[in-house]
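>>> Next comes the sequence, and after it the predicted model I'd like to discuss.
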Amino acid sequence: QVQLVESGGGLVQAGGSLRLSCAASGRSFGSYVMGWFRQAPGKERDFVARISRRGGIAYYADYADSVKGRFTISRDNAKNTVYLQMNSLKPEDTAVYYCAAAAGPALSESPGSYDYWGQGTQVTVSS
């Protein structure tokens, strides 16, 4: 069982930056694939980024095309925390952002690949 709590959302002007954090409680944080999703009003929950579980020299990360080059996902297993650094924000990035943990491989970008979810944090980008 993993409990996830997001923080760091807020209101920012277009072109600005925010860093989201997701603190996890429970055991074996390093064994989970961690992901970020977002959901705008009236829309489906969309994949944003994911980072592989502990193992090897480096972590593997991938991103939705819409955020590549602007967002960076990272994790600190010692702190049981995953981050999403968001730069060059655009009004279309406005959404509730959710942190998620997957016990399985999470090879799909579908939310169904993830087992645990946080409550979400609102990000609003003004033009």
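Cool, the structure landed.
>>> per-residue confidence at residue 55?
The predicted local confidence for residue 55 comes out at a pLDDT of 62.
>>> for residue 26, same thing?
Turning to residue 26, the model gives it a pLDDT of 82.
>>> dump the residue contacts of it.
When the contact criterion is C-beta atoms under 8 Å, 6 or more residues apart in numbering, the partners of residue 26 are 1, 2, 3. (Glycine included, C-beta is placed from N, CA and C.)
>>> same check, this time on residue 30
The contact partners of residue 30, taken as C-beta under 8 Å, 6+ apart, are 53, 54, 77.
>>> and the end-to-end length of stretch 61-75?
In terms of C-alpha to C-alpha, to the nearest Å, the two terminal residues of stretch 61-75 are separated by 10 Å.
>>> Not counting it itself, show me its contacts.
For stretch 61-75, contacts defined as C-beta under 8 Å, 6+ apart pick out 34, 36, 46-52, 59, 81-89, 92-93, 109.
>>> Can you say which of the residues you listed are buried?
For the contacts of stretch 61-75, a burial check counting by 16 or more other C-beta atoms under 10 Å picks out 34, 36, 47-52, 59, 81-84, 86, 89, 93, 109.
>>> in the lowest-mean-pLDDT helix or strand in the chain, what counts as buried?
For the chain, counting by mean pLDDT, DSSP states H and E, strand 61-63 ranks last in confidence among helices and strands (a mean of 92). Within strand 61-63, the residues that qualify as buried by neighbour count (16+ other C-beta under 10 Å) are residue 63.
>>> ok, then the element right after that strand?
The element immediately downstream of strand 61-63 (helix or strand, assigned by DSSP states H and E) is strand 71-76.
>>> Tell me which of the contacts of stretch 61-75 fall in strands.
Using DSSP state E, the members of the contacts of stretch 61-75 that fall within strands are 34, 36, 46-51, 81-86.
>>> Of those residues, which is the nearest to residue 19?
Top of the list for closeness to residue 19, among the ones in strands among the contacts of stretch 61-75 and by C-beta to C-beta, is residue 85 at 5.0 Å.
>>> count of neighbours near the nearest residue to the closest one once chain neighbours are set aside?
Distances taken as C-beta to C-beta, 6 or more residues apart in numbering place residue 72 nearest to residue 85, at 4.4 Å, with adjacent residues excluded. Residue 72: 16 surrounding residues under other C-beta atoms under 10 Å.
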